[in-house]
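*Asks:* What follows is a protein structure lacking sequence information:
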């Protein structure tokens, strides 16, 4: 394998006094192309400050394969997303036999549980659609929206940090930005960013914004790119 993934969920920090959590890499396969059984040392090297990687022997049969993993002690340091944090190295004595990038995939602790969209359709009937958190990142309204009517977006948010991880688990500086593929969609320009109240660890939050559709808007499909961000401890 050219890379090994380490999935990290900071929701496992369960107390304010926690400094590190243990995370286990996805399994990876070591193949022995030699004609004799071999014991190799598998370790994680080049880790950032505060991390601690496991080092362990693995015995691989002659012309066979073994599936294994490593445990990494992880501090609360990374943004959500993927980042290389080190290298998985296989050695026989002092001889390095192979290596793979170690990639930390950090989960977001800010979850959009539901997005409610309230609007008026082209017949003049008020519609309300609810989009649940189902790992989809694109939502499409069922009906056409009537020009010169109000659209209301209500965001139901969840702070996924453990409620006992209070100090570092609070989500502050919550911001929403909305980018449209055509600003002529709106009767009045939207704000660059909308600021929201902080959400304590383990708690829910709700935020609502409204805007008017331009009365002279062209008939077309329009896309809004919604971005939510926050700072933790």
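*Replies:* Nice, I can see it. It should be emphasised that the depicted structure is a prediction, and the values quoted were computed from it without experimental measurement. Numbering: from 1, shown residues only.

*Asks:* which parts of the helix or strand of the chain with the lowest mean pLDDT are buried?
*Replies:* Sorted by mean pLDDT, DSSP states H and E, the helices and strands of the chain end with helix 166-169, the least confident at a mean of 90. Using 16 or more other C-beta atoms under 10 Å as the test for burial, helix 166-169 gives residue 169. (Each C-beta comes from the backbone N, C-alpha and C, glycine too.)

*Asks:* just checking, next helix/strand downstream of that helix?
*Replies:* strand 172-180 (DSSP states H and E).

*Asks:* That following strand pairs with which strands, parallel or anti?
*Replies:* strand 194-195 (antiparallel), strand 224-231 (antiparallel) (DSSP bridges).

*Asks:* How about it, which residues are buried there?
*Replies:* 174, 176, 178.

*Asks:* swap in stretch 73-86?
*Replies:* For stretch 73-86, a neighbour-count test (16+ other C-beta under 10 Å) marks 74, 75, 76, 78, 85, 86 as buried.

*Asks:* with these in mind, which one is nearest to residue 2?
*Replies:* residue 86 (14.3 Å; C-beta to C-beta).

*Asks:* how much space between the closest one and residue 106?
*Replies:* Applying C-beta to C-beta, to the nearest Å, the value for residue 86 to residue 106 is 14 Å.

*Asks:* give me the number of residues near residue 109?
*Replies:* The local packing of residue 109 (other C-beta atoms under 10 Å) involves 23 other residues.

*Asks:* and it, what does it touch?
*Replies:* Residues counted as contacts of residue 109 (C-beta atoms under 8 Å, 6 or more residues apart in numbering) are 10, 11, 80, 159, 160, 161, 169, 171, 232.
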